[in-house]
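[1] fold the following.
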Amino acid sequence: MKRTERLNTMMRYMNNRQFFTISELMREFSISRSTAIRDVHDIEALGMPLVAEVGRDGGYSIMTNQLLPAVQFTNNELKALFIAFLGTANQQLPYLQNRKSLSEKLLAIASTGQQDELVELKRLLHFENTNPNNPDLLELNDFATPMLNTLLELALKSRYLIFDYQKRMRRVYLLNFFRHNTNWYAATFDFLHKEQWTFRVDHIEAVHIDHQAPMPKQQLTAQLKASRPNPNVIIKLGSRAINKFKQMHQPMVSLHFLDAFQQTARFSDFIDVHDTEKLASYTEWLLFLGDDLEVVKIPDELQNVIRKKAAKW
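    Prediction:
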């Protein structure tokens, strides 16, 4: 590994670990102690805010609330980063509050020749979430709801949270976030109902960390396992349906491939047959998947809605 490449990799390692020792660097990068110390000094000179901690187990930590140091990118890495950034337009992603300044900073670290290539790539590549007549046009709803950023920042500190939701207090353990039909949702374990519960993020009125967790993690894991309902929908998919599934799928549903070439797959899910809105949207999705599928198991209520919808077509 070239030294420049090692320093870049080492900076990413430091940033991910937050605390590290010279011995750990020696083992991770197969280098001598003197080389590790020299690399640390060079990385400090590049601007990474390191703090030495003395003592028997002393090492280094990174000062919080500091700008990350400059990182060198290869030509292809810079293109990949720029293209990935362009592809997220109008996706309501958290933290993307100012696309213009981020684009300018990406271009600023590129050479003149690289800048010309990036601008040309922007003209050549049109993504499905952009207007082909005006790729620079951002929809008014491009920004995610501010509550999503608030939740993410708190969840990085603790998954035990208290929501004010529809005028009621809800104590939850946050599982993950997902986006569905242009809206962000928080998947949680709700301690009041003792089951998994989904909250629409922009409907959460306030949130703070629950410093008195209702149950320990081990008990929570058991409750989560017990709260998962048995699937009442099992569908086998062919290759065409798999491709459509990748374009659009239900939250928390994943494919289980049945062959080495990933040409057949199966998914299992549970649907509340008393939720008419859910039945309608699920029907639309199954019809979108097309006829390259085989129904293994499906509730009668969903099957009736599918038949009625298909008859209208």
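
[2] pull out the buried positions in stretch 281-299.
    Within stretch 281-299, the residues that qualify as buried are Tyr282, Thr283, Leu286, Leu289, Leu293, Ile298, counting by 16 or more other CB atoms under 10 Å. Yep, even glycine has a C-beta here, placed from its N, CA and C like the rest.

[3] save the residues you listed as a markdown table, and put in pLDDT, secondary structure and distance to Arg179 too.
    Formatted as a markdown table, the buried residues of stretch 281-299 follow (pLDDT from 0 to 100; DSSP: H, G, I helix; E, B strand; the rest coil; distance: CB to CB, whole Å):
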| residue | pLDDT | secondary structure | distance to Arg179 |
| --- | --- | --- | --- |
| Tyr282 | 91 | helix | 17 |
| Thr283 | 92 | helix | 21 |
| Leu286 | 93 | helix | 20 |
| Leu289 | 93 | helix | 20 |
| Leu293 | 93 | strand | 24 |
| Ile298 | 93 | coil | 26 |
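
[4] so where do the helices sit in the stretch 101-250 of the chain?
    Using DSSP state H, counting those that start in this stretch, the helices of the stretch 101-250 of the chain run over 112-124, 146-155, 217-227, 239-247.

[5] immediately after the shortest one, which helix or strand?
    Yep, that's helix 239-247 we're talking about. Sequence-wise, the next helix or strand downstream of helix 239-247 (DSSP states H and E) is strand 256-257.

[6] what does that following strand rub up against?
    Outside of strand 256-257, the residues within contact range by CB atoms under 8 Å, 6 or more residues apart in numbering are Thr264, Ala265, Arg266, Phe267, Ser268.

[7] hmm, 6 Å instead?
    Contact with strand 256-257 is made by Ala265, Arg266, as judged by CB atoms under 6 Å, 6 or more residues apart in numbering.

[8] next secondary structure after that strand?
    strand 265-269.

[9] return the angle between stretch directions for the worst-scoring helix or strand of the chain on mean pLDDT and helix 112-124.
    Every helix and strand of the chain was ranked by mean pLDDT, DSSP states H and E. The lowest is helix 99-108, at a mean of 73. Taking axes from the mean of the first three to the mean of the last three CA atoms, to 10 degrees, helix 99-108 and helix 112-124 form an angle of 140 degrees between their directions.

[10] can you dump the C-alpha coordinates of helix 99-108 into PDB?
    These are the backbone C-alpha positions of helix 99-108, laid out as PDB (Å, rounded to 0.1, in the frame of the first residue of the first chain):
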ATOM      1  CA  ARG A  99     -27.200  21.100  -2.100                       C
ATOM      2  CA  LYS A 100     -25.700  24.100  -3.800                       C
ATOM      3  CA  SER A 101     -22.900  24.500  -1.200                       C
ATOM      4  CA  LEU A 102     -22.200  20.800  -1.100                       C
ATOM      5  CA  SER A 103     -21.900  20.700  -4.900                       C
ATOM      6  CA  GLU A 104     -19.600  23.700  -4.900                       C
ATOM      7  CA  LYS A 105     -17.400  22.000  -2.300                       C
ATOM      8  CA  LEU A 106     -17.200  18.800  -4.300                       C
ATOM      9  CA  LEU A 107     -16.200  20.800  -7.400                       C
ATOM     10  CA  ALA A 108     -13.700  22.800  -5.300                       C
END
